[in-house]
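*Asks:* Here is a sequence together with a model predicted from it:
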Amino acid sequence: MYNKIYQILDEKGRVKTGIFLDGPYMGKKCILKPETVIREENSSESADQASNMQLIPGNPKDQAVWDKYFNILKNTRETKVVQADGHRLFVEDYRKNPRLVIFGGGHVSQPTAHLGKMLGFHVTIMDDREDFVTRERFPEADQLVYGDFKDLDQYIAPYDNAYYVILTRGHLGDADCLRRLLHRPYEYLGMIGSKNKVWVTRENLLKEGYTEAQLDEVHAPIGIPLGGQLPEEIAVSIMAEIVKVKNQHYSAYCDEKVEAAVLEGRPGVMVTIAEKSGSSPRGVGSKMFVEPSGHITGSIGGGKVEFEAIHHCKEVKEKEVKHYALTADGKDSLGMICGGQVTVVFEQV
């Protein structure tokens with residue numbers, strides 16, 4: 001399933017998986033793939049509703065099982081273990097390749113684009129003035145788009161892991177962008193402007209049929225209030241807010257070296273930390289790929305836990321869940337004194 005997971009990540013920028021850690025369904029796994037649907041303008045659906053989720057069971061025979069737990073999976077917004085009918089269900093929420101799309105190529109957009117690249121975003125700039133979207137102005141941008149904001153759907157494809165920043169030169173451009181962005185999925189949507197400008201734009205869109213709930217999702221005025229006046233200072237406030245939104249939910253860390261090993265078709269066992277407590281060194285979602293040759297990619301923290309997990313990979317047939325106690329005695333003890341416990345999932349790939 002990991003080939004499918006990584007393919008969806010490249011296409012959509014986000015994907016979820018679920019696997020039972022105990023109970024009658026232990027080891028059963030599924031994928032939730034975002035299915036973007038562009039809504040009509042004035043649609044009352046929120047950004048979350050603009051992205052449907054396609055449930056893909058690891059075994060087609062398990063479709064009815066996963067249909068029962070679909071809402072739990074869909075509503076779990078971060079990587080963690082949740083309860084499902086008294087059993088533990090490990091949900092992984094993967095995010096990768098965030099895209100920052102800036103509408104307007106003015107003086108605030110330049111430092112915002114620069115900071116976006118520094119923070120690892122794929123950066124797109126769009127403006128309806130050709131001389132404002134040039135390599136001289138945006139040397140680091142991944143994509144430059146010249147076109148009418150009313151036609152943005154023709155130039156910029158929907159993407160679930162998207163962060164939209166509206167910095168056009170006037171309220172008409174702002175409104176044109178908002179009308180088209182509100183009916184697609186996004187992680188962040190912000191608009192620059194004074195409180196009065198934001199209020200006028202909001203009132204006009206409400207009259208057109210957009211809802212309070214939709215407009216409440218827009219960060220306007222944009223950015224965390226830092227009191228800055230310079231374009232660079234405003235850019236910092238914008239990107240600070242975006243980073244805050246981006247990190248408000250804990251996502252599974254996507255180790256690109258582990259991903260590459262899987263996509264190259266190497267056989268092996270994927271080892272993932274599903275739960276941890278105490279002083280275990282790596283977080284939930286950390287992965288290690290162990291090949292039959294003994295070659296290891298990634299890490300679940302090193303030390304005794306990792307050593308024991310690597311050794312156990314030789315015994316894994318399909319899927320297994322093991323608990324390791326970081327204590328000197330007791331069940332599953334590793335003879336350690338640091339304290340805590342780790343639950344590890346083993347999956348043949």
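*Replies:* Noted; the coordinates are in hand. What you are looking at is a predicted structure, and each value in this text was computed from that prediction instead of being measured.
*Asks:* ok, the closest residue to residue 194 other than its chain neighbours - how many residues close by?
*Replies:* Closest residue to residue 194 apart from its sequence neighbours, by CB to CB, 6 or more residues apart in numbering: residue 221 at 7.1 Å. Where C-beta positions appear, they are placed from N, C-alpha and C, glycine not excepted. Using other CB atoms under 10 Å, residue 221 has 14 other residues around it.
*Asks:* And for residue 138?
*Replies:* By other CB under 10 Å, 23 other residues sit near residue 138.
*Asks:* list the contacts for it?
*Replies:* Residues counted as contacts of residue 138 (CB atoms under 8 Å, 6 or more residues apart in numbering) are 105, 109, 110, 113, 123, 125, 144.
*Asks:* for residue 26, same thing?
*Replies:* Neighbour list for residue 26: 20, 321 [criterion: CB under 8 Å, 6+ apart].
*Asks:* do you know how far it is from residue 65?
*Replies:* Separation of residue 26 from residue 65 (CB to CB, to the nearest Å) stands at 12 Å.
*Asks:* for residue 126, same thing?
*Replies:* For residue 126, the distance to residue 65 - CB to CB - is 44 Å.
*Asks:* So for those two, which sits in the more crowded spot?
*Replies:* residue 126 (25 against 15).
*Asks:* sec struct for residue 243, please.
*Replies:* helix (DSSP: H, G, I helix; E, B strand; the rest coil).
*Asks:* Surely it touches residue 118?
*Replies:* No. Contact status for residue 243 versus residue 118: not in contact, 11.0 Å apart, counting by CB atoms under 8 Å.
*Asks:* out of the two, which sits in the more crowded spot?
*Replies:* Neighbours per residue, other CB under 10 Å: of residue 243 and residue 118, the larger number sits with residue 243, 15 against 10.
*Asks:* ok, now which ones touch that one?
*Replies:* Residues in contact with residue 243, defined by CB under 8 Å, 6+ apart, are residue 119.
*Asks:* okay, it: pLDDT?
*Replies:* You'll see residue 243 listed with a pLDDT of 97.
*Asks:* Next one: it from residue 211, what distance?
*Replies:* Counting by CB to CB, the separation of residue 243 from residue 211 is 28 Å.
*Asks:* for residue 19, same thing?
*Replies:* Taking CB to CB, one finds residue 19 at 36 Å from residue 211.
*Asks:* Please identify which of these two sits among more neighbours.
*Replies:* The residue with more neighbours, out of residue 19 and residue 211, is residue 19; 24 against 16, by other CB under 10 Å.
*Asks:* Okay, and the beta partners of that one?
*Replies:* Beta-bridge partners recorded for residue 19 (DSSP bridges): residue 29, residue 90.
*Asks:* now residue 288
*Replies:* Residue 288 has these beta-bridge partners by DSSP bridges: residue 271, residue 298.
*Asks:* Count the residues that sit near it.
*Replies:* Residue 288 has 25 neighbours, counted by other CB under 10 Å.
*Asks:* which ones are touching it?
*Replies:* By CB under 8 Å, 6+ apart, the contact list for residue 288 reads 258, 270, 271, 272, 296, 297, 298, 299, 300, 306, 309, 310.
*Asks:* ok, how many other residues are close to the closest residue to the last one other than its chain neighbours?
*Replies:* Spelled out, it's residue 310. What sits nearest to residue 310 in space, not counting adjacent residues and going by CB to CB, 6+ apart, is residue 290, at 5.6 Å. Other residues lying near residue 290 total 25 when counted by other CB under 10 Å.
*Asks:* My read is that residue 290 contacts residue 267, right?
*Replies:* No. The criterion here is CB under 8 Å, and residue 290 misses it with residue 267 at 10.2 Å.
*Asks:* Across the sheet, point out what pairs with residue 162.
*Replies:* Note on residue 162: beta-bridge partners by DSSP bridges are residue 99.
*Asks:* any idea how far residue 109 is from it?
*Replies:* Residue 162 is 16 Å from residue 109, where distance means CB to CB.
*Asks:* now swap in residue 200 and tell me
*Replies:* 22 Å.
*Asks:* same thing with residue 232?
*Replies:* For residue 232, the distance to residue 109 - CB to CB - is 12 Å.
*Asks:* who's more crowded, these two?
*Replies:* When neighbours are counted by other CB under 10 Å, residue 232 and residue 109 differ, and residue 109 comes out ahead with 29 against 15.
*Asks:* That's all I had, so thanks and see you.
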